[in-house]
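In: No sequence on hand, only this structure:
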Ligand code: ZN
């Protein structure tokens, strides 16, 4: 059967206006869309589609429902068939599970836990005091269903007394088997609980804030079949209507910020699940076409997160801007102190994404030093290249002024070597770029790749590869690639296959180039050809990831990219002495 989280992410990524609009013609009528009802014959439109509620309704014949229901009714499909139909319409790949549980038991268990947590809050004065001190009103506690989870023993006791089966509690992410295998432990203990809802408003997990100075301030329920945290935004189900109505979404850093924003009337506020915004959030952010306001703390972590998100959002074509709250004052505190007006003013004055990113990039360099200025120019140009041509063109004068350069430096073809790095226009290097994207999302595979590949094997993308392995998270190329939907993040097995394919091609090329190498002795050529033919290629063919062999390196065209990796290869004479051979594959 279809994985439930997969259905939720499909639902989160589709818009009812697109779905119904692909069957019948919709006309805009105020906040809604109208059409002649496809379910009963009529001449005047009484069929209404509401983008903010993601539902349709016919005032003539009374039909109504969501996207899935519409497809089921119109195409006469079962629920799973309609889901599959919608998935194929949106190029969405569904995940399937074995077994037959539809997780309704897990859902019911989560709801029971949520009610119990809420009841506990009234009996825990420390938790209650904490919330009151932070300025959270009783009304907000109810709206956001804030609760409290006591000790692990009490959680186990509650599950027992409420006759809730332990395997279901494991499935719901409430408890987990102990490591020594002798029982279970509760995942959240002694924390204030914030229930997390999916975009379709079903309870999927909890976030917990410690009140006992546990080193982890916030913990979320684990990723479960119900809960895919990388695609959800906290508070979205409560914010949705305002987001659609006001064409605005405020993204803050913490759950408490969301609560306080709503309390102060900014009902478009949501937050990530304790992680940065990623490209997985983009489908949800696009719904309702809101302007995106990032409301982050002005500390180092907040600025870095705002920069990364601004690069991604501007590259993905979003309109919006950044507000950095000054002097470690988080928005929740400002609102608690009654300074909602000041917050509103800051939000109105949000700095648009592109000027913000440009400013931040330029600030990273000392542009009074010509070399640093050149590097800043490269970084700015690379970022501008992630934008659409028209937008890019509009911002070139601003970028030039910030750098103290003539706009002509940004002209077309001025720096062909750099321009080639614009992977979004390059479609023929899918293998390399998919590997790079995988390393961005799954850095645990970096060692595997470093073991078998040298940065030069990435050709044009050597610089990007270096940026990834040295964790330069704000590198515009990394941001651009992580939002480029043309390249897929691979699992371990797919990565191994892609590496073998790439290595095979690489060594085949090598075989061709060795005989032409004028700087090498015949004997050495013979040795290397034999090594590749008799050893490396057969091992690759058997599916073995052959470690990169430095004895091959003197013959490789190594230049700039490898020099960037100098530290890794410090002391390797072959590498440092290889630059005169740097001629073949490199045009710059
Ligand atoms: Zn009708």
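Out: Nice, thanks for sending it over. These numbers were taken from a predicted model, which means no experiment stands behind them. Residues are numbered from 1 along each chain as shown.
In: CA only for contacts and neighbour counts going forward, please
Out: Fine.
In: just for this protein, where's the confidence low?
Out: Applying pLDDT under 70 to the chain picks out residues 98-103, 200, 327-328, 412-428, 473-476, 479-480, 482-486, 550-588.
In: contacts for the longest helix belonging to it?
Out: For the chain, the longest helix by residue count, based on DSSP state H, is helix 492-513. When contacts are defined by C-alpha atoms under 8 Å, 6 or more residues apart in numbering, helix 492-513 is touched by residues 431-432, 435, 438, 445, 449, 453, 457, 529, 532-533, 537, 540, 543-545, 556.
In: buried stuff in that helix?
Out: Neighbour-count burial for helix 492-513 flags 495, 496, 497, 498, 499, 500, 502, 503, 504, 507, 510, 511 (criterion: 16 or more other C-alpha atoms under 10 Å).
In: do stretch 309-319 as well
Out: 309, 310, 311, 312, 313, 314, 315, 316, 318, 319.
In: now stretch 444-454
Out: 445, 446, 448, 449, 452, 453, 454.
In: Stretch 32-41 now?
Out: 32, 33, 34, 35, 36, 37.
In: Beyond the longest helix of the chain, next helix or strand please.
Out: Remark: after helix 492-513, the chain's next helix or strand is helix 522-530, criterion DSSP states H and E.
In: coming back round to it: now, among the buried residues of stretch 309-319, which is nearest to residue 132?
Out: Closest approach to residue 132 among those (C-alpha to C-alpha): residue 309, at 31.9 Å.
In: so what's the backbone phi/psi at the closest residue to that closest one other than its chain neighbours?
Out: Closest residue in space to residue 309, ignoring its immediate chain neighbours: residue 277 at 6.2 Å, by C-alpha to C-alpha, 6 or more residues apart in numbering. Main-chain torsions, residue 277, degrees, to the nearest 10: phi -70, psi 140.
In: Next, count neighbours for residue 407.
Out: Each residue near residue 407 was counted by other C-alpha atoms under 10 Å, and the total is 16.
In: Sorry, wrong one. I was asking about residue 307.
Out: 23.
In: separation between the residue in the chain that the ion sits nearest to and residue 236?
Out: Here the residue of the chain nearest the ion is residue 61; by C-alpha to the ion that distance is 4.0 Å. For residue 61, the distance to residue 236 equals 32 Å [C-alpha to C-alpha, to the nearest Å].
In: ok, now residue 381?
Out: Counting by C-alpha to C-alpha - residue 381 and residue 236 are separated by 35 Å.
In: Is residue 159 part of a helix or strand, or is it coil?
Out: helix (DSSP: H, G, I helix; E, B strand; the rest coil).
In: what sits against it?
Out: 165, 166.
In: what's the distance between the helix or strand hosting residue 464 and the middle of its chain?
Out: Assigning secondary structure by DSSP H and E places residue 464 in helix 462-469. Relative to its parent chain, helix 462-469 has a centroid offset of 19 Å by C-alpha atoms, centre = their mean, to the nearest Å.
In: Same question for that helix: list its buried residues.
Out: Quick answer for helix 462-469 (16+ other C-alpha under 10 Å): 462, 463, 464, 465, 466, 467, 468, 469.
In: could I get the residues you listed as JSON lines with distance to the ion?
Out: Putting the buried residues of helix 462-469 into JSON lines (distance: C-alpha to the ion, whole Å) gives the following:
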{"residue": "462", "distance to the ion": "59"}
{"residue": "463", "distance to the ion": "58"}
{"residue": "464", "distance to the ion": "55"}
{"residue": "465", "distance to the ion": "56"}
{"residue": "466", "distance to the ion": "59"}
{"residue": "467", "distance to the ion": "57"}
{"residue": "468", "distance to the ion": "55"}
{"residue": "469", "distance to the ion": "58"}
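In: Could you let me know which of these ends up closest to residue 8?
Out: The closest of the buried residues of helix 462-469, once distances to residue 8 are taken by C-alpha to C-alpha, is residue 468, at 31.2 Å.
In: Which strands border the helix or strand hosting residue 249, and is each parallel or antiparallel?
Out: Per DSSP H and E: residue 249 is located in strand 248-252. Partners of strand 248-252 in the sheet, by DSSP bridges, are strand 269-271 (parallel), strand 291-297 (parallel).
In: Domain parsing of the protein, as residue ranges.
Out: Each domain of the chain is listed here as a residue range: 4-89, 102-227, 231-350, 364-426, 430-583, per automatic domain parsing.
In: want to throw those domains into a markdown table with distance to residue 356?
Out: Formatted as a markdown table, the domains of the chain follow (distance: least, C-alpha to C-alpha, whole Å):
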| stretch | distance to residue 356 |
| --- | --- |
| domain 4-89 | 28 |
| domain 102-227 | 29 |
| domain 231-350 | 7 |
| domain 364-426 | 11 |
| domain 430-583 | 13 |
